[in-house]
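Engineer: one predicted model, sequence on top.
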Amino acid sequence: MKRSIPQQVYSFLVKAQQWYLDTPERSLEEAYKAALLIKAMEDEHFNGQKIAPGASYGGSAIAYFQSELQKHLKTIRMRLTEFKASRSWINPDYQNITKITKSDGTVTGKDSFAIQKRDNQSRILEKLRFIDDILAKYDPEATVDSVVVTESPSVSSDLARSEQIAPNGVVKNVSPAKKTKTKAETTSVLPRSILSTINRLKVELDPRAEDEVVNKFRNSQRRTFVSIRLILLLIIVPFLTQQLSKNLIISPIVDHFRNSQEVVIFLNSEMEERALIEMQRFEEQLKFRNLLNEEMQLSPLQIEQQMHEKVRDLVENFRQESSNAVKNVFADLLSVGAFTWLIVTSRKELEVLKEFMDNVVYGLSDSAKAFIIILFTDIFVGFHSTHGWEVLLGTASRHFGLPENRDFIFLFIATFPVILDAVFKYWIFRYLNRISPSAVATYRNMNE
């Protein structure tokens, strides 16, 4: 038993070392699989062409293809970065060069290792070339030309050759690594404004420019239509569900059970207290009017009769309020269920809506963004927001027939807006400051 524990530890360390040394190959293989998935989508749905909006698919299908494409492209970029970083610190010659001798003794271990190394380089270059072709269609700047395959000095010359032997024995041309351009070489003779004007003229004179503009407009129009329709559905469907279910289904059932048995008029002590306050106010108003009208003063019996009529009205009103509170609970549950069902069944439309909202929000000017941020923070987490939260929580309590607990309301106001303010400041620091730093600067200037 004592000898088995070191053996297990040694086996675990060997496996961990092997997994660590296989990181470059594993990263490249995952990137290659993601590129194959993109190629399969192109061949199956777009006749081998680039994944782009077309006449054969609608907005929802295009949104799905675009989301899948972005997911695979993200996987490729992440794995290529991991491939490049891992090859920079892992020696590719980590395998032991064991002596392998043929029957005639002509092939040594070093020669066998060189052949195996050359075949491995060919496979890596084939996969990188395929990934490069896929990335060039969607992001020409993010190609794998920047991924340098670092090798040992003994085999580095093979990568610089213009011809390589592929695994199937076919000789393929391999372009040499791109030379880093100096600042003098990248600087153009003509000013950039003139070059941009020339490029704009080329686009305007291109006979396909009109078709591209029309396609972009149609895609934008389709995206706007899908987004607005989804927003309206998210608002109208829960509202109609709440109203129709309350009036047509829940209300008859609740009225039937409440009329068939002894009904509790007040659901909580807060409702009873409100009724007593209203009754006392009515009694004081009645006596005050009776004292003002000396010619036609009411007798104690008449005052008592009016008090009884007021009590019957209060009982009827609070009985109806209690019934509505019970109905609101079940109707709101059905409304939340309808909203959740829309969210679950409209994931593709939600992706389009998210893109639409990003374009709308980030398309605003810096001053407009700062104005919206200040308006939002002042309403929900500002100095005067406590009164708004108090009214909102009190209304929600009466809506569901719950007692208006002042301690809970004050505790909520003392904690939730503070948490919301911290989250909002973190969002400004973490995301908005990176996406639109000028909007953050404008916000700080306006807030000061």
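Structural biologist: Done, it's in.

Engineer: contacts for whichever strand or helix holds Trp427?
Structural biologist: Trp427 is part of helix 406-427, with elements assigned from DSSP states H and E. Residues from elsewhere that reach helix 406-427 (Cβ atoms under 8 Å, 6 or more residues apart in numbering): 376-377, 380-381, 385-386, 389-390, 393-394. Where you see a C-beta, it was placed from the backbone N, CA and C, and this is true even at glycine.

Engineer: can you tell me which of the residues you listed are in helices?
Structural biologist: The members of the contacts of helix 406-427 that map onto helices under DSSP state H are 376-377, 380, 385-386, 389-390, 393-394.

Engineer: would you turn those residues into TSV with pLDDT and neighbour count?
Structural biologist: Below are those laid out as TSV (pLDDT from 0 to 100; neighbours: other Cβ atoms under 10 Å):
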residue	pLDDT	neighbour count
Phe376	86	12
Thr377	86	19
Phe380	86	15
Ser385	83	18
Thr386	85	15
Trp389	90	17
Glu390	89	16
Leu393	90	20
Gly394	87	14
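
Engineer: what ranges do the strands span in the stretch 151-300 of the chain?
Structural biologist: Secondary structure of the stretch 151-300 of the chain (DSSP state E, counting those that start in this stretch): strands at 163-165, 171-173.

Engineer: quick one, what contacts Ile379?
Structural biologist: 385, 388.

Engineer: swap that for Lys127, please
Structural biologist: By Cβ under 8 Å, 6+ apart, the contact set of Lys127 is 28-29, 31-32.

Engineer: go ahead and build a PyMOL selection from the buried members of those.
Structural biologist: Buried residues within the contacts of Lys127, by 16 or more other Cβ atoms under 10 Å, are selected in PyMOL with:
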select buried, resi 28+31+32
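
Engineer: can you give me the helices for the stretch 201-350 of the chain?
Structural biologist: Counting by DSSP state H, counting those that start in this stretch, the stretch 201-350 of the chain has helices at residues 209-244, 251-259, 269-292, 300-345, 347-362.

Engineer: export those to JSON lines and append columns for mean neighbour count and distance to Ser438.
Structural biologist: Output for those, formatted as JSON lines (neighbours: other Cβ atoms under 10 Å; distance: least, Cβ to Cβ, whole Å):
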{"stretch": "helix 209-244", "mean neighbour count": "14", "distance to Ser438": "25"}
{"stretch": "helix 251-259", "mean neighbour count": "12", "distance to Ser438": "54"}
{"stretch": "helix 269-292", "mean neighbour count": "13", "distance to Ser438": "51"}
{"stretch": "helix 300-345", "mean neighbour count": "14", "distance to Ser438": "34"}
{"stretch": "helix 347-362", "mean neighbour count": "16", "distance to Ser438": "12"}
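
Engineer: and those helices as a markdown table, adding mean pLDDT and distance to Arg406?
Structural biologist: A markdown table is the format used below for the helices of the stretch 201-350 of the chain (pLDDT from 0 to 100; distance: least, Cβ to Cβ, whole Å):
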| stretch | mean pLDDT | distance to Arg406 |
| --- | --- | --- |
| helix 209-244 | 88 | 28 |
| helix 251-259 | 81 | 29 |
| helix 269-292 | 86 | 10 |
| helix 300-345 | 89 | 19 |
| helix 347-362 | 87 | 38 |
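
Engineer: possible to save these as TSV with distance to Ile76?
Structural biologist: Output for the helices of the stretch 201-350 of the chain, formatted as TSV (distance: least, Cβ to Cβ, whole Å):
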stretch	distance to Ile76
helix 209-244	24
helix 251-259	57
helix 269-292	61
helix 300-345	30
helix 347-362	20
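
Engineer: of all the ones you listed, which lies closest to Thr197?
Structural biologist: Nearest of those to Thr197, taken as Cβ to Cβ: helix 209-244 at 15.5 Å.

Engineer: near Phe130, how many other residues are there?
Structural biologist: When neighbours are defined as other Cβ atoms under 10 Å, Phe130 has 16 of them.

Engineer: which strand or helix spans it?
Structural biologist: Since the elements are taken from DSSP H and E, Phe130 ends up inside helix 109-138.

Engineer: would you mind listing the buried residues in that helix?
Structural biologist: Residues of helix 109-138 classed as buried by neighbour count (16+ other Cβ under 10 Å): 112-113, 117, 120-122, 124-128, 130-132, 134-135, 138.

Engineer: quick check: phi and psi at Gly382.
Structural biologist: When quoted as degrees, to the nearest 10, the phi and psi of Gly382 stand at phi -80, psi -180.

Engineer: and the gap between it and Phe424?
Structural biologist: The span separating Gly382 from Phe424 equals 11 Å under the rule Cβ to Cβ, to the nearest Å.

Engineer: and Leu21, by the same measure?
Structural biologist: Computed as Cβ to Cβ, the Leu21 to Phe424 distance reads 46 Å.

Engineer: average pLDDT across stretch 84-99?
Structural biologist: Averaging pLDDT along stretch 84-99 gives 57.

Engineer: quick one: low-confidence parts of the stretch 51-200 of the chain?
Structural biologist: The model of the stretch 51-200 of the chain has pLDDT under 70 over residues 54-56, 88-117, 140-193, 195-196.

Engineer: can you pull out the helices in the stretch 1-150 of the chain?
Structural biologist: Using DSSP H, counting those that start in this stretch, helices in the stretch 1-150 of the chain cover 4-21, 23-45, 59-89, 109-138.

Engineer: wait, which of these is closest to Ile51?
Structural biologist: Per Cβ to Cβ, nearest to Ile51 of the helices of the stretch 1-150 of the chain: helix 59-89, 5.2 Å.

Engineer: what is that closest one packed up against?
Structural biologist: Where contact means 3 or more Cβ pairs under 8 Å, 6 or more residues apart in numbering; DSSP states H and E, helix 59-89 is packed against helix 23-45, helix 109-138, helix 209-244, helix 347-362.

Engineer: distance of the spatially most central residue of the chain from Gln221?
Structural biologist: Residue closest to the average C-alpha location in the chain (Cα atoms, centre = their mean): Lys354, at 7.2 Å. According to Cβ to Cβ, Lys354 and Gln221 sit 18 Å apart.

Engineer: return the closest of the contacts of Lys127 with respect to Gly48.
Structural biologist: Closest to Gly48 out of the contacts of Lys127 is Tyr32 (18.5 Å), distances taken as Cβ to Cβ.

Engineer: what sits against the closest one?
Structural biologist: 127, 130-131.

Engineer: that one and Lys127: what is the separation?
Structural biologist: For Tyr32, the distance to Lys127 - Cβ to Cβ - is 5 Å.

Engineer: number of nearby residues for Ser27?
Structural biologist: Close neighbours of Ser27, defined as other Cβ under 10 Å, add up to 20.
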